[in-house]
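Peer 1: this is the structure alone, sequence omitted:
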């Protein structure tokens, strides 16, 4: 891939449609090796490829030719953005933990399960992120967002406890931004409605944190939702904008 042409985005936004008629890859050894390397990178320093690598990692046992091509596209994207550096903020920034949570409802056509995505920042520094396929099938956008919030809630508790041990206790509630007003309203309800009784009790953890004052949910429009990059493949314009918002700065190496 040394001479490969760079790509402006890590995965084709129409990936799931392309997979429909794709032939199975004959040998998946090289594919598995590549995805393993990309997972390391996505976990440690390149949050912008987390969703795409997560999607491709679901196909380790039976990848298709499209999967192989898209994994190579990620390499071409990394070559195109080789100067991206994850900036960890400034000392002058307020040391406050904030989070963003989003979900792509029924995004995987193979089983109609949704994808959860969240990111946490301290000041202007992105410190924790994840893109995960949900373990259950949800019946609405609100429910998918609610499940995603419960996963983010576990992370926020862990981060708050870690910061406390480091002498940076978060006295105020941690603000978490969500782009679904129905989900925010549901968290605030005291009683469950009949249409939501099927939701597993473990997903009500967010409501408990909200009631105790550890978490404060706030609405943020989908166009400004930072966690959208962790739920599905995006087009070039949105990828560039959200990568910059995450703190990935195009900073060429000056050789110093």
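Peer 2: It's in. Just so you know, these numbers come straight off a predicted model, no measurement behind them.
Peer 1: now for the nearest residue to residue 230 once chain neighbours are set aside: which residues touch it?
Peer 2: For residue 230, ignoring the flanking residues on the chain, the nearest one in space by C-beta to C-beta, 6 or more residues apart in numbering is residue 117 at 2.6 Å. C-beta: built from backbone N, CA, C; applies to glycine. Counting by C-beta atoms under 8 Å, 6 or more residues apart in numbering, residue 117 makes contact with 50-51, 101-104, 129-132, 148, 227-231.
Peer 1: one more pass at 10 Å, please.
Peer 2: Contacts for residue 117 (C-beta atoms under 10 Å, 6 or more residues apart in numbering) come out as 47, 50-51, 54, 100-104, 129-132, 148, 151-152, 225-232.
Peer 1: ditto for residue 253
Peer 2: Taking C-beta under 10 Å, 6+ apart, we find residue 253 in contact with 82-83, 85.
Peer 1: and if we set it to 8 Å?
Peer 2: Taking C-beta under 8 Å, 6+ apart, we find residue 253 in contact with residue 83.
Peer 1: any idea how far it lies from residue 12?
Peer 2: Shown here: residue 253 relative to residue 12, a distance of 29 Å by C-beta to C-beta, to the nearest Å.
Peer 1: swap in residue 20?
Peer 2: Residue 20 sits 13 Å away from residue 12, going by C-beta to C-beta.
Peer 1: settle it for me: which of these two has more neighbours?
Peer 2: Each of residue 20 and residue 12 has its neighbours counted (other C-beta atoms under 10 Å); residue 12 has more, 17 against 10.
Peer 1: assumed that one was part of a helix.
Peer 2: No. With DSSP: H, G, I helix; E, B strand; the rest coil as the criterion, residue 12 is located in coil rather than a helix.
Peer 1: what helices or strands is the lengthiest helix in the chain leaning on?
Peer 2: Using DSSP state H to define each element, the chain has its longest helix at helix 141-165. Applying 3 or more C-beta pairs under 8 Å, 6 or more residues apart in numbering; DSSP states H and E, one finds that helix 141-165 contacts strand 97-104, strand 115-122, strand 125-133, strand 174-178, helix 181-188, helix 205-212, strand 215-219.
Peer 1: how about a cut-off of 7 Å?
Peer 2: Judged by 3 or more C-beta pairs under 7 Å, 6 or more residues apart in numbering; DSSP states H and E, helix 141-165 is in contact with strand 97-104, strand 115-122, strand 125-133, strand 174-178, helix 181-188, helix 205-212.
Peer 1: and the residue lying closest to residue 106 once chain neighbours are set aside, how far from residue 57?
Peer 2: Among residues not flanking residue 106 along the chain, residue 112 sits closest, at 4.4 Å (C-beta to C-beta, 6+ apart). Using C-beta to C-beta, we find residue 112 at a distance of 19 Å from residue 57.
Peer 1: swap in residue 10?
Peer 2: Remark: distance between residue 10 and residue 57 (C-beta to C-beta) = 13 Å.
Peer 1: with neighbour numbers in mind, choose between the two.
Peer 2: It is residue 10, of residue 10 and residue 57, that has more neighbours when counted by other C-beta under 10 Å, with 29 against 19.
Peer 1: which residues sit in contact with that one?
Peer 2: For residue 10, the contacting residues are 49, 52, 73-74, 77, by C-beta atoms under 7 Å, 6 or more residues apart in numbering.
Peer 1: and the furthest pair within the residues you listed?
Peer 2: The span of the contacts of residue 10, defined through C-beta to C-beta, is set by 49 and 73 at 10.3 Å.
Peer 1: who has more neighbours, these two?
Peer 2: Comparing residue 49 with residue 73 by other C-beta under 10 Å, the one with more neighbours is residue 49, at 24 against 20.
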